[in-house]
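# this one's sequence-less:
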Ligand code: ADP
């Protein structure tokens, strides 16, 4: 049987000992109450009638007990000495405690409020409450309390008191559901307030650092957790604990979390959605970074700031207690990460804009943005102002119009041209404040922004270019004139000087043949040899001059073998005079893409080899094939060339020999020029077989080698 089930007779008095000072109202109470009444409010008149306290009237007592027992509201009756006299069925059903569990208010207090603990303060509070209930002032306002039921559930109750003099009735209404809802609403309101304050901070944040630090602190306090951090994704892929709260100081700006799936952060970046840890110690998806274990973290939630394509970082929240993160928490964090990514991107765009503006300002060009319809100057970079000077600047400030800057063309005309093609370039003259005239090359581009049309004008100062152009023109003219002079000189050499020299040669040879006088013969041979040198110099100079002014030659397939042989034959006289042994290590044919002038290169190398060899020495002439080139090699066993001289002997008028050998230092420069025109190479090495030099040049092979075989 239910211990609160009403009993009859005296036994009932043990369960509910009540005394009445006013028994005269019994009849009235009989009329008012019947067993099974569902209306607790009707108890008040009963209390006033004090029928409850009438010990003598068993029927009334039974009625009252019956009413109390069946009331749909949990109820307890306590004495002013702290003894609990009665708890009804609803009380037992809802809270689970019977009168045996809680004979006194202190006992009840011990079991029903254990989360507060039996501190002196809380007992005092309870006694205060009881005192107030039984005080003459009768100040008994309703209160709300969180009570632990016998099944350990924590529930919210609304407590209302009715004073019966030395006893009091406490009605307990379970308001847990509405309280939970209210708490949820309050919590959501708190989150919304946090979102609003972070949003407000984001709008006016000059510094992203301040916003991030504000955010982590706000999020941690709103969710009631110890740790919150923003882990910034580094270019290398790891995450830096850049902003945080709750962590030891040294961690901030120092701890790097690897982008690995064993870390909560790395796992989140891979999952691309919020990752909640209920209990880190039983977590199986990842083991978690040592930072979490070092800080005794139990629960947590992480969320991406940005998305997989543009991930700024991870927002992470942790607590040392077990914590169930709700859908509301996730939504709240989602709102926060949205604010953060938008602010970060806005800052990046602003920074880029700032940089862009800075670059335009530092540009060497004058940059203007003009309203295409009105001609108003919307923007001018610093370069424009530096050209305008202070006066021009204030003039442009007063009249910010294109006509203030350029008179020759108006914005309407520019726009008309831009309607045909989106951009065009024109040249104009600009007079600065101090009357300096600048030549400008202006590029106009049309920029459409919705309905508005703008003209972007980028002007470049081409004053120096123009001056240089003029100088270049006059220089080109001078060059042309001097080239002409050179050509005339070359012609004079080849025709007007060479002819008389050839005449001298002819007559001298004739005289030499007929002369018998020794002294005259000696003088004639001096004239002949000097004249020979003169002719040689004139011929070489004339060849070089022609080659120098040539930019290309016309090539044909030429066999180098006969060319080489005939070149040696030309020097047969000198070869015999010096008793030289010229070895031809060639068989041929060697078809090259060449111009007949190449024979000059052969002649020069063979002539030098003869010139710089001592009597009776050997000269070897060979041709080797390498890939698509022929390499012509002339080896002598003469005096050789010192290493420092090797790079310069191919320059004009450069001579390595200090001895008596006759020469002007032009021959090798002619070889070099001829080979350059053949896009080949030329060089000199030491003779590997002892003293002497190896001169060589390369020339491209001809098209079809077989034709000549
Ligand atoms: P040059 O008319 O003086 O011979 P080159 O241009 O033909 O003019 O030669 C330049 C210099 O290179 C020469 O003065 C000489 O010192 C050096 N030289 C050229 N060929 C040889 C060689 N086969 N052996 C030694 N020295 C040489």
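Sure, I can see it. The structure displayed is predicted, hence computed values, not measured ones.
# Now stretch 456-465: buried residues?
Using 16 or more other C-beta atoms under 10 Å as the test for burial, stretch 456-465 gives 456, 457, 458, 459, 460, 461, 462. Heads up, the C-betas are built off the backbone N, CA and C, glycines and all.
# Which pair in the residues you listed has the greatest spatial separation?
456 and 462 (18.5 Å; C-beta to C-beta).
# so who does the residue of the stretch 251-400 of the chain found nearest the ligand touch?
Closest approach between the stretch 251-400 of the chain and the ligand, counting by C-beta to the nearest ligand atom: residue 364, at 48.3 Å. The contact partners of residue 364, taken as C-beta atoms under 8 Å, 6 or more residues apart in numbering, are 383, 460, 461.
# For residue 402, state which of those residues is nearest.
Checking those one by one against residue 402 (C-beta to C-beta), the nearest turns out to be residue 383, at 16.4 Å.
# What residues of the one helix or strand that closest one maps to count as buried?
Element membership for residue 383 (DSSP states H and E) is helix 382-398. Burial within helix 382-398, assessed by neighbour count using 16+ other C-beta under 10 Å, is assigned to 383, 384, 385, 387, 388, 392, 393, 396.
# I'd guessed the fourth one sits against residue 438; true?
Yes - counting by C-beta atoms under 8 Å, a contact exists between residue 387 and residue 438, whose distance comes to 7.1 Å.
# so what sits against both of these two?
Counting by C-beta under 8 Å, 6+ apart, the common neighbours of residue 387 and residue 438 are 430, 432, 461.
# just curious, which of these is nearest to the ligand?
For these, the nearest to the ligand is residue 461 (48.6 Å; C-beta to the nearest ligand atom).
# The spatially closest residue to residue 396 that is not a sequence neighbour: what secondary structure?
Spatially, and ignoring its direct neighbours in sequence, residue 396 is nearest to residue 404 (5.3 Å; C-beta to C-beta, 6 or more residues apart in numbering). Using DSSP: H, G, I helix; E, B strand; the rest coil, the structure places residue 404 in helix.
# what sits against residue 404?
Residues near residue 404 by C-beta under 8 Å, 6+ apart: 377, 395, 396.
# so the last one sits right up against residue 376, yeah?
Yep, that's residue 396 we're talking about. No - counting by C-beta under 8 Å, residue 396 does not reach residue 376; the two are 10.9 Å apart.
# still on that earlier bit, tell me the one among the contacts of residue 404 nearest to residue 597.
residue 377 (64.1 Å).
# Run through the bridge partners of the closest one.
residue 370 (DSSP bridges).
# didn't it look like it was pressed against residue 401?
Yes - Residue 377 is within contact range of residue 401, at 6.4 Å (criterion: C-beta under 8 Å).
# give me the low-pLDDT residue ranges for this structure?
1-61, 114-127, 129-130, 132-140, 433, 491-495, 653-665, 704-709 (pLDDT under 70).
# Which helix runs longest in this protein?
helix 327-362 (DSSP state H).
# and it, what other elements does it pack with?
Secondary-structure packing of helix 327-362 (3 or more C-beta pairs under 8 Å, 6 or more residues apart in numbering; DSSP states H and E): helix 176-203, helix 208-223, strand 299-306, strand 311-319, helix 382-398.
# Also compute the angle for it relative to helix 382-398, please.
With axes from the mean of the first three to the mean of the last three C-alpha atoms, to 10 degrees applied, the angle from helix 327-362 to helix 382-398 works out at 90 degrees.
# Show me which residues of helix 327-362 are buried.
For helix 327-362, burial by neighbour count (16+ other C-beta under 10 Å) applies to 329, 332-333, 335-337, 339-341, 343-344, 347, 360.
# secondary structure class for residue 101?
State at residue 101, reduced to three classes by three-state DSSP: coil.
# Now do the same contact list for it.
107, 108, 111, 150.
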